[in-house]
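*Asks:* Structure, please.
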Amino acid sequence: MAGEQGTSTNQSVERAAAVLAAFHDGQPLRVADVATRAGLGQSTTSRMLATLEALEYVERDAASGLYRLGTGLITLAGSALNQHPVYRASRRHAQEAAALLGLGVNVSVQHRGTVFYLANYEGALAPKSMTLAGQRNALHATGMGKCLLVGTTPEERRAMLPELPRFTARTVGAHEELDAQVDLVLERGYATEVEELALGRACVAAPIRDAAGEVVAALSISGSLSAIDLDRREGELAGRVIETADEVSTALGYTGPAVYPHHGPAAAPRTLGGGA
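*Replies:* This is a model prediction of the structure:
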């Protein structure tokens, strides 16, 4: 009896999760649409939606009858962000960089082989009508992803990313090329990405380290090709993204050496956590 009750409870949780996941693209849905996406019967879906509505996890528009995700999930998502140490450590520094540069500033961690966005802030030159928090992107096709791969071995990267799908003609498509780019991040302290994930977009990114010196997150400065203008601004933006990532690392307890971008034959290391 106990085993049957446990199985029933598990199924109910899985069905509720499937119903919520049906709204992954943010569009309001009819009951029939939710049922199709969740792979459930319409009557089961209707009951699930009624329960979730009572919990404020979904809400129904009285005029159209369409469902959308509810305020209860915003409350939970806010709590999840606020308890994340990287989010707390990065929030002020990322906001200040976005305001100073007028560009987008993003913070992410590696989660299940993807770039998982914890936060994004927009400057005047990179406005957005939606948040990237909670979204995922490919490790091999983003500047932050290449930073997050620092500290992994070539063998670990091949196991984590057996395929490297192309999103544009400029996306890294071979592991040997990815290995070289990850090595370059380690050598100079930052990564660049130009139209590898989406046309017309570019970014500069740097890794964030914890007290143990492990790469636990990444921070990027992003925008349109014309706003980023890497041909003219790479040195400036690389310096800014590394400095901002270093500030976050310091807030997380890292006190090790950092290497800044340079135009000469060698970079000068400095120790974090001790002054400006």
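*Asks:* got the buried residues for stretch 57-73?
*Replies:* Neighbour-count burial for stretch 57-73 flags 57-60, 67, 69-70, 72-73 (criterion: 16 or more other C-beta atoms under 10 Å). All C-beta spots, glycine's among them, are computed from the backbone N, C-alpha and C.
*Asks:* Compute the mean per-residue pLDDT across it, please.
*Replies:* For stretch 57-73, mean pLDDT rounds to 96.
*Asks:* and that stretch, C-alpha only, in PDB?
*Replies:* What follows is stretch 57-73, C-alpha atoms only, in PDB (Å, rounded to 0.1, in the frame of the first residue of the first chain):
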ATOM      1  CA  TYR A  57       1.700  28.500 -10.000                       C
ATOM      2  CA  VAL A  58      -0.500  29.200 -13.000                       C
ATOM      3  CA  GLU A  59      -3.200  31.800 -13.600                       C
ATOM      4  CA  ARG A  60      -6.100  31.900 -16.000                       C
ATOM      5  CA  ASP A  61      -7.200  34.900 -18.000                       C
ATOM      6  CA  ALA A  62     -10.900  35.300 -17.400                       C
ATOM      7  CA  ALA A  63     -11.500  36.900 -20.800                       C
ATOM      8  CA  SER A  64      -9.600  34.500 -23.000                       C
ATOM      9  CA  GLY A  65      -9.500  31.400 -20.900                       C
ATOM     10  CA  LEU A  66      -5.800  31.100 -21.600                       C
ATOM     11  CA  TYR A  67      -3.400  29.900 -18.900                       C
ATOM     12  CA  ARG A  68       0.100  31.300 -18.100                       C
ATOM     13  CA  LEU A  69       2.700  30.900 -15.400                       C
ATOM     14  CA  GLY A  70       1.700  32.500 -12.100                       C
ATOM     15  CA  THR A  71       3.100  34.800  -9.500                       C
ATOM     16  CA  GLY A  72       3.900  31.900  -7.100                       C
ATOM     17  CA  LEU A  73       6.700  30.800  -9.400                       C
END
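*Asks:* how about the helices in the chain?
*Replies:* All helices of the chain, identified by DSSP state H, fall at 2-21, 31-38, 42-54, 71-82, 85-101, 143-148, 154-160, 175-188, 225-228, 230-251.
*Asks:* May I see those organised as JSON lines, with distance to residue 211 added?
*Replies:* Output for the helices of the chain, formatted as JSON lines (distance: least, C-beta to C-beta, whole Å):
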{"stretch": "helix 2-21", "distance to residue 211": "34"}
{"stretch": "helix 31-38", "distance to residue 211": "42"}
{"stretch": "helix 42-54", "distance to residue 211": "40"}
{"stretch": "helix 71-82", "distance to residue 211": "20"}
{"stretch": "helix 85-101", "distance to residue 211": "10"}
{"stretch": "helix 143-148", "distance to residue 211": "18"}
{"stretch": "helix 154-160", "distance to residue 211": "22"}
{"stretch": "helix 175-188", "distance to residue 211": "20"}
{"stretch": "helix 225-228", "distance to residue 211": "32"}
{"stretch": "helix 230-251", "distance to residue 211": "9"}
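*Asks:* Perfect, that will be all.
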